[in-house]
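> Take this sequence and fold it.
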Amino acid sequence: MPPLTPLGKIRNIGIIAHIDAGKTTTTERILFYSGKEHKMGEVHNGDTVMDFMLDEQQRGITIASAATTLHWQDCQINLIDTPGHVDFTAEVERSLRVLDGAITVFCGVAGVEAQSETVWRQAEKYGVPRLAFINKLDRAGAEVEHVLAEMRDKLGAVPVPVQIPVGREDKFSGVIDLITRRMLTFDETAHGGIVGALPVPDDLAEEVELARLRLVETAAEANDELTEKYLTAENLSDDDIRRGLRELTVAAKITPVFCGSSLRNKGVQPLLDGVVDYLPSPKDRGAVAGHEPGNPEKTVLCQPLRKEPLCALAFKIVDDAHGPLTYLRVYSGELQEGEKLVVAHNRRKERAARLWRLHANSRERETAVGPGEIIGVSGFKFARTGDTLCAEDGRLVELEPPRFPAAVISQAVEPRSNDDRDKLMEVLEKVAREDPTFTYSTNAETGQLLISGMGELHLEIIATRIIRDYKVPCKTGKPRVTYRETIQKAANGQGVFAQTLAGREHYAAVTVAVEPNAATEPELLITAAQIPARLHEFIREGFLGGCQSGGLGGYPLIKMKVTVTGGATRENCATDSAFTAATDAAMRDAVAQAGADLLEPLMALEVTTPEEFVGGIIHDLNGRRAEIHELAQRGNLKVIRAKAPLAEMFGYATVVRGLSTGRASYTLEPREFAPVPRKRWREILGYEAG
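Numbers count the residues shown, from 1 in each chain. You can find the predicted model right below:
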C-alpha cells in the first residue's frame, strides 16, 4: 500500500479573482518557485502552463479551471486556478465547493471589482477561508489602503495585513514581514527566486511597529490562552502570532493580507508561506455532512479518515485528448485504482479504472489516494457533476452538490448538412456533460436547435470548439435572451394520468399547491403521506418537467414553491411513469390557476471611464432601461455602477468603445430575474398576455 500524505500536511486551495487581477500570473510564479515548473509562463505570451486551451492562450484569459499538485515546505498543495470572467463563473463555483481554502487576488489599482465580489460571496457560501493578495503594486495608482477599505466596505471582510509594501508604484521594491520585522527583497537577476532579509528601513520603523501592534492585538483575540498571555506579558512570540492568526483564519473570522507584484516576481514566496501557515488542512475542516440518499432529513457525517467508508464528490468532467476524465474530491476512506463504486442517488455502478494526479493538461498515474485528496479518475460512464460516489459494498451518502446559475442567453445552431445533425447532437451532449451551465434544446414548433449559456463569450467559445475541436461544421444565429416565468399568486392544481399501455393499466392522481418563493430555484416539498417514498423520485421528475414549461411563452418557471399535498392510485396501477405524468399535469393546472408573469435577467454593470465620457455613457444607459445606482471615483477614473436588462446590452462593447474613443471598459454579471414591463410582452411573446 503506497504511503499517503498526512492529512494535516495537505492544502486544497484555489486562486480566485476578477478578470485581469493576475490570478494566472500568480499561479505561474507559484509553480516556478515551488519547483513544479522550470520556467515561468506569461499570459501575454500565450505560454502559461495552467491556461493550456487554445482559446485561453489566444484570448489571454482563463476559461476552464485547471488543477495541479505541488509541494512547499513540508506540505502538499493541491491548487486550482479558476477563471475570472463572469461567463465562466461555474468553474469557480464547482472548485470552491471542494476546496478548503482560497487565495483572493486583488488588483492594487482597481481594488474590489464586480467579479471580486461574486467570487468572494461564492467562497462565503461554502465557508471557505481566504487569504488576500494585493497584486500589481508596481503600477501607477496602486494603493494598499484603498484596497483594504474596499474589502471592508464592499465585502464586509476583516482584512488583517501581515505585510506592508516598501515603495510605491515604480519604486515598489519589496515587503516588510510584520511578524518578523524583516524587509523581504526579491533578486531580480534570479527572477525573484532569491529572497533576501534586511532590517526595517528607519523611515518605516514607526509605521511597522504600529501595524505590528494591531496584528498582535488581533492574534491575541483568537483564544483565552493567547489573550491572557498578551495581557500578562504585553507581547506574543512570532509562533503565538501565527497560531492566533491561523485559528481566526480557519474560522473565517479574518483575512490575512499579503502584497506584491507577481509580474515583477515580488511577494509570491511569502504568500505560499501564508498558505501553509494560515489556510486549513482537510483535518482542520473536519467531518463533512451529507444525508442518506432520498432522505435529506437523515444526516450522515463523513470523517476525513482512511478507515472510514469511501465517500467522494465528482465536481468536474472533461473530455480531452487523453479521454473522459472525472475530477473527484475524496472526503473519507481510501480510493484504489480499479475499485468498483456506486453513484449514491441512482445506484448506478462505476469503476475507477485509472487514478491520475493532475497537472494542467498532463497526468501522472496513482494507485491509491486517501481522504482530502483531489484526483482525476478515468473509466466512469454515468457520473455527472455534483454526484456523490461511494464504495459499492459500503455506506451510501449524498453530499451537497455545487449549485450553478441558470443560463441567461441562447442562440440557434444549425449543422451545415443533415448528415452532421447526429454528430452535432452527440457533441452537444458531451459539452453539456462537461459544463453544467450549458444546455441545449429543440424548439417544438420550428425544430430549431438552441444552445444556452452564461453570456455571449461563453456561447462563442462553445461554437468555436464544436467546429474546430469536434470537426462538426455548423452556423449560429444571433444571441438572444433566455427569459423565465414565475407565478403571480398561490393556487392549487390536480393532475390525473389514466391509460392502459402494453396491456397494463397506469393510474395516478396528484394534487399540488404552488406559491411564490424568494429563492430563485423552484422548490419541491412532498407532504402527502399516502404516496410511498419509492415514488418520490418520480414525482420529482414530474416536478422538474413541469418547471420547464411555463404558462406564457413556455419559459422555465422559477421563484416558486410546490407542495405535493395529496395522491391516489388504484390497486396494481401505481407505476413510476403514472406519477411522473400526473405531477406534471398537476403543476400545469396550478400554474394556470395562479397566473404567470414574465421575467428577464438583469445584469450588474460596471463601466470604468475617464470623466469626460461619463455624460454620454450615462445618457446611452438611460436609453437601455438601465438603473444607475452609483458613480464612484477610482484614481483618476470614474466608475458607473448600474443594473441593466440583458436584452438591452447586446453589442455594448462596440457602443462603449465608440462613446469613449476606446478608453472605457466594462463588466457585466448576471444579478437577478425581474418582471418584464408589460408593454414589452407582445414583442417577446408575440401576443398580448394578461
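> Is residue 480 in contact with residue 443, as I believe?
No - the pair residue 480 and residue 443 fails to qualify as a contact (Cβ atoms under 8 Å) at a distance of 11.9 Å. Where you see a C-beta, it was placed from the backbone N, CA and C, and this is true even at glycine.
> Looking at these two, which is more packed in?
Higher neighbour count among residue 480 and residue 443: residue 480, with 16 against 11, using other Cβ atoms under 10 Å.
> Pull the contacting residues for the nearest residue in space to that one that is not next to it in sequence.
Closest residue in space to residue 480, ignoring its immediate chain neighbours: residue 410 at 5.9 Å, by Cβ to Cβ, 6 or more residues apart in numbering. Contact analysis of residue 410 by Cβ atoms under 8 Å, 6 or more residues apart in numbering lists 450, 451, 452, 453, 459, 479, 480, 481, 482.
> Serialize these to a markdown table and add fields for pLDDT.
Converted to a markdown table, the contacts of residue 410 look like this (pLDDT from 0 to 100):
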| residue | pLDDT |
| --- | --- |
| 450 | 89 |
| 451 | 91 |
| 452 | 91 |
| 453 | 90 |
| 459 | 91 |
| 479 | 86 |
| 480 | 87 |
| 481 | 89 |
| 482 | 87 |
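> Quick one: mark the members of those that sit in strands.
With strands taken from DSSP state E, the overlap with those comprises 450, 451, 452, 453, 480, 481.
> which of the residues you listed sit farthest apart?
Using Cβ to Cβ, those reach their maximum pairwise distance at 451 and 481, which is 13.9 Å.
> Which one's more surrounded, those two?
Using other Cβ under 10 Å, the more surrounded residue of residue 451 and residue 481 is residue 451, with 25 against 19.
> So residue 404: helix, strand or coil?
Recorded secondary structure, residue 404: coil (DSSP: H, G, I helix; E, B strand; the rest coil).
> now do residue 625
The three-state assignment at residue 625 reads coil, by three-state DSSP.
> Run a quick neighbour tally on it.
By the criterion of other Cβ under 10 Å, residue 625 has 16 neighbours.
> so residue 29 sits in a helix?
Yes - assessed with three-state DSSP, residue 29 lies in a helix.
> in terms of contact, does residue 570 touch residue 505 like I think?
Yes - using Cβ under 8 Å, residue 570 is in contact with residue 505, at 7.4 Å.
> Can you tell me which helix or strand of this protein has the lowest average pLDDT?
When each helix and strand of the chain is scored by mean pLDDT, DSSP states H and E, helix 54-59 comes last, with a mean of 76.
> could I get the ones in strands among the contacts of residue 410 as a markdown table with distance to residue 319?
Shown next, in a markdown table, are the ones in strands among the contacts of residue 410 (distance: Cβ to Cβ, whole Å):
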| residue | distance to residue 319 |
| --- | --- |
| 450 | 22 |
| 451 | 17 |
| 452 | 20 |
| 453 | 18 |
| 480 | 28 |
| 481 | 29 |
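> now, which of these sits nearest residue 208?
Among the ones in strands among the contacts of residue 410, residue 453 lies closest to residue 208 (Cβ to Cβ), at 49.4 Å.
> and that closest one, bridged to which residues?
Residue 453 has these beta-bridge partners by DSSP bridges: residue 409.
> just residue 197 next, same as before
Going by DSSP bridges, residue 197 forms beta bridges with residue 184.
> In contact with residue 582: list those residues for me.
By Cβ under 8 Å, 6+ apart, the residues touching residue 582 are 495, 496, 497, 508, 509, 510, 542, 567.
> Strands - which of those land there?
In strands, defined here by DSSP E, the members of the contacts of residue 582 are 495, 496, 497, 508, 509, 510, 567.
> Switch those over to TSV; also include pLDDT and neighbour count.
TSV is the format used below for these (pLDDT from 0 to 100; neighbours: other Cβ atoms under 10 Å):
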residue	pLDDT	neighbour count
495	94	23
496	93	16
497	91	23
508	90	30
509	92	19
510	94	33
567	91	24
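> Same list (those residues) but as TSV, adding distance to residue 100.
Listed next are the ones in strands among the contacts of residue 582 as TSV, based on distance: Cβ to Cβ, whole Å:
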residue	distance to residue 100
495	45
496	50
497	47
508	45
509	49
510	43
567	43
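> between those residues, which is closest to residue 193?
Closest to residue 193, out of all of the ones in strands among the contacts of residue 582 and judged by Cβ to Cβ, is residue 510, at 67.1 Å.
> you'd agree residue 88 is up against residue 454?
Yes - if you go by Cβ under 8 Å, residue 88 and residue 454 touch, sitting 7.3 Å apart.
> Now for residue 131: which residues touch it?
Contacts of residue 131 by Cβ under 8 Å, 6+ apart are 101-104, 249, 255-258, 271, 274-275, 278-279.
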